[in-house]
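In: Need the 3D shape of this:
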Amino acid sequence: QASLRRNSYSSQIFLINVFSGNTLTCHPETEYPIGDECCPLCPPGCRVKMDCTEFWSTSCVPCVNGTFMDVPTGRRQCFPCTSCGSGSGLKNSLCTTTSDTVCEPLEGFYSLRHKRCEPGQYIIHKALTDTECSDCSDGTFSNGTSTSCQPHTQCESLDLQLIKPGTVSTDAECGKDYDSTNVVAIVVPFLLICVSLTVIYFFWMKKKGCLFESTNISSLSVSCCFCV
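Out: Predicted coordinates:
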């Protein structure tokens with residue numbers, strides 16, 4: 001747009017000079033013709049307030065809000081900033097005195113609404129054309145909104161246990177490893193203590209020499225244990 005404006009402005013100056021018979025030649029990059037004078041151009045972000053004379057140079061003033069000038073100029077008016085328009089699916093980089101508004105598609109839009117990639121696919125590229133998608137390879141995943149597939153988390157490398165394997169659309173789920181050694185460390189000593197106590201009790205009873213007799217008391221058979 002800037003180059004078109006610059007070329008248009010240069011063409012206008014050329015035609016004015018031709019039809020007026022003016023043979024004055026000014027440097028188009030730094031000067032503009034006024035009568036018999038070549039006046040210095042105002043810098044980007046400014047416009048001409050007063051043309052130069054043989055006694056003073058061009059008087060320049062900054063562009064007001066809502067206008068801009070992105071090239072050196074001999075114009076008396078700055079260009080109006082472009083409006084993206086609300087509800088157009090476009091967002092803008094704000095206009096400054098030296099640059100016009102930049103309108104870009106909002107997330108999820110191009111000229112029309114973007115195609116959405118499915119889970120398990122990633123975005124090859126998105127611009128002013130529709131989104132292109134591609135499938136994730138084995139061992140990677142994407143929820144459909146990223147521009148690349150991510151590798152599944154390797155639970156083993158984190159000293160974690162794999163709870164749920166990853167898919168093309170979800171990451172692997174990891175959890176704390178169930179440490180069976182802790183259980184063994186508790187159960188085995190307990191069993192050893194129980195066995196030891198049983199053996200000690202058996203030998204203690206044997207050392208005491210428990211005797212078992214059967215005797216009849218009131219026609220009842222009673223087993224008694226006498227320790228000596």
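In: Mind giving me the packing neighbours of the top helix by length along the chain?
Out: Counting by DSSP state H, the longest helix found in the chain is helix 180-208. Using 3 or more Cβ pairs under 8 Å, 6 or more residues apart in numbering; DSSP states H and E as the contact criterion, no secondary-structure element is in contact with helix 180-208. For glycine as for every other residue, the C-beta is placed from the backbone atoms N, C-alpha and C.
In: got the buried residues for that helix?
Out: Neighbour counts over helix 180-208 (16 or more other Cβ atoms under 10 Å) mark no residue as buried.
In: Poorly predicted segments of this protein, please.
Out: 1-23, 86-89, 91-92, 106-116, 122-131, 177-183, 209-228 (pLDDT under 70).
In: Helices of that one, start to end?
Out: With DSSP H, the ranges of helices along the chain come out as 2-20, 180-208.
In: Number of residues surrounding C78?
Out: Close neighbours of C78, defined as other Cβ atoms under 10 Å, add up to 22.
In: likewise S142?
Out: The burial count for S142: 24, using other Cβ under 10 Å.
In: can you check F141 too?
Out: 22.
In: show me what contacts it?
Out: F141 makes contacts with G120, C149, Q150, H152, G166, T167, V168, S169, T170, D171, as judged by Cβ atoms under 8 Å, 6 or more residues apart in numbering.
In: mind redoing it with 7 Å?
Out: Listed by Cβ atoms under 7 Å, 6 or more residues apart in numbering, the contact partners of F141 are C149, Q150, H152, G166, T167, V168, S169, T170, D171.
In: again, but for R47
Out: Under the criterion of Cβ under 7 Å, 6+ apart, the neighbours of R47 are C60, V61, C63, M69, T73, R75, R76, Q77, C78.
In: For those, which two are the farthest from each other?
Out: Comparing all pairs in the contacts of R47 by Cβ to Cβ, the longest separation belongs to C60 and Q77, at 12.7 Å.
In: quick one, which of those two is more surrounded?
Out: Neighbours of C60 and Q77, each counted by other Cβ under 10 Å, are more numerous for C60; the result is 17 against 12.
In: wait, doesn't the more buried one sit right on G45?
Out: No. Contact criterion Cβ atoms under 7 Å: C60 and G45 do not qualify, at 9.2 Å.
In: where's G139 relative to E156, distance?
Out: G139 is 14 Å from E156, where distance means Cβ to Cβ, to the nearest Å.
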